[in-house]
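Asker: Okay, predicted coordinates and the sequence, questions at the end:
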There are 2 protein chains.
Amino acid sequence: MSLRYAILGFLTIRPLSGYDIKRFFNASVRHFWTADQAAIYRALTELEADALVGHERVEQQTRPDRKEYHITPLGVEAFDRWVTQPAPAVARREPLLLKLFFASRMNAPDLASVLTAELSAVDAELSAFTEIVSSIERDRAEFERQAESDDAVAAHARLLVGPLITLTNGVRFGVANREWLRGLLDAHEHGALTADALLADLHRFIDTPVVGR
Amino acid sequence: MSLRYAILGFLTIRPLSGYDIKRFFNASVRHFWTADQAAIYRALTELEADALVGHERVEQQTRPDRKEYHITPLGVEAFDRWVTQPAPAVARREPLLLKLFFASRMNAPDLASVLTAELSAVDAELSAFTEIVSSIERDRAEFERQAESDDAVAAHARLLVGPLITLTNGVRFGVANREWLRGLLDAHEHGALTADALLADLHRFIDTPVVGR
DNA sequence: TGAGTATATAGGACTATACATACAGTTCGT
DNA sequence: ACGAACTGTATGTATAGTCCTATATACTCA
């Protein structure tokens, strides 16, 4: 039920309508958490039933009325409890690995095409990350130009830490994924995708001592 | 819906009961695909309704009767179609990243403990992988000692390719995860978990050219 | 002797999420 | 002038998966 807490988290920033929240998801956490629009509205109803949020109807002349949700003190409490707790283990579910597990039933071209398709997806993802990082840097430069105090700049930078942490995760995993796929494709093309080669690769990573930073 | 195909995949190896399939899952693909026991039995019923599998009741004296499922030609066809198709994009869902996204609402010790808990889990996962790799190597050495022909050894090695590919994925991601968490913890302890440091990290990975193998 | 684990199958209730659709007005591009 | 996309909330339905429980027998360990 992390969706509920994600919504509470967004509401700690400012009051939002269901529609706003959906856009927040798309704009900020899409790369590791997607939320169905219908699920958001239902979660808001449930959160309100638990008194963790409240709402006011905001009438608009040109647009449909908004229900502006705000977090209650009880909601802030619940969110802070959740955010400081260790994250639950997630059950990974990777259709790609399931297919590759049965690689011995694939002929060479099919295996190559499965890997290539995945590599394209990863490359696209990494490009998207690069774009996001650029846009964050542009926004930041813009903010700093207009900022009235150093405090405001520092506060702005602090708010960026969380989102940037998630981006470092996405980028590092994306790069690891790309290297893994490239390695597999390369070996496969040279007919070197063998048990021995894979075991060697495993040892290379298992035995690698920590690289100092 | 990959569960059904995973089951079909296992049945291409040999006939299995629902109970056997559950053990297969635990023994071989647990690190990227878990299957609920009840879900397996339901999937088998559905697969049989679609004529992709059949079963015979096997009576046992001491144990309860087994329903031994086998794959039908139609099932093999369906499986081969699935396995050669590019894997669908999966919606990632990472509670940890959701928490870290709101890192600015956490105090320093809480952030450290969330990261440390995750690092422990990753270390444990990597140890499990190391253990699995060792056991595969032991089994392999054992098999080679007893093998009657080089062909048998080669066939055995070929069957290992798929499972080993999934292990290289697990290990590489595990190592990437460990490095990421260690980097964050290290920076955090030195009060250096700032927007600037994170942006520098992002650039280090985004701009890195491919390392030749 | 009793608790726990292994073998073996299966239904009920529940949770989370996805997909489609409905309604209703506005704005933008062609 | 017309359709598409945007703003905004909401319901209905389907799918996938989890957790709990039931049933029955046998073996193992303290």
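Answerer: Received, thanks.

Asker: Now the phi/psi pair for A:F32, please.
Answerer: Backbone torsions of A:F32, given as degrees, to the nearest 10, read phi -140, psi 0.

Asker: burial measure for it, as a count.
Answerer: Using other Cβ atoms under 10 Å in any protein chain shown, A:F32 has 20 other residues around it. Just so you know, the C-beta spots here come from the backbone N, C-alpha and C atoms, and that holds for glycine as well.

Asker: ok, now which ones touch it?
Answerer: Going by Cβ atoms under 8 Å, 6 or more residues apart in numbering or on different chains, A:F32 touches A:T166, A:N169, A:G170, B:R92, B:R93, B:E94, B:L97, B:L98.

Asker: One more pass at 10 Å, please.
Answerer: Contact partners of A:F32, counting by Cβ atoms under 10 Å, 6 or more residues apart in numbering or on different chains, are A:166-167, A:169-170, A:173, B:91-98, B:100-101.

Asker: again with A:F25
Answerer: A:L3, A:A6, A:I7, A:F10, A:W33, A:T34, A:A35, A:D36, A:Q37, A:I40.

Asker: Mark which of those are part of helices, please.
Answerer: Those of those mapping onto helices are A:L3, A:A6, A:I7, A:F10, A:Q37, A:I40, per DSSP state H.

Asker: need the contact list for the fifth one.
Answerer: Read it as A:Q37. Here A:Q37 is in contact with A:G18, A:Y19, A:I21, A:K22, A:F25, A:N26 (Cβ under 10 Å, 6+ apart).

Asker: A helix includes the fourth one, no?
Answerer: Yes: counting by DSSP: H, G, I helix; E, B strand; the rest coil, A:K22 is part of a helix.

Asker: Distance check, it against A:F101.
Answerer: A:K22 sits 36 Å away from A:F101, going by Cβ to Cβ, to the nearest Å.

Asker: So the two - more neighbours on which side?
Answerer: The neighbour comparison of A:K22 against A:F101 (other Cβ under 10 Å) goes to A:F101, with 25 against 18.

Asker: ok, of the ones in helices among the contacts of A:F25, which come out buried?
Answerer: The neighbour-count test (16 or more other Cβ atoms under 10 Å in any protein chain shown) applied to those identifies A:L3, A:A6, A:I7, A:F10, A:I40 as buried.

Asker: Which pLDDT value belongs to the residue nearest to A:F143 when sequence neighbours are not counted?
Answerer: Nearest non-adjacent residue to A:F143, counting by Cβ to Cβ, 6 or more residues apart in numbering or on different chains: A:H156, 5.5 Å away. Note on A:H156: pLDDT of 94.

Asker: before we move on, what about the one 4 residues further on?
Answerer: pLDDT, the model's per-residue confidence, is 96 for A:L160.
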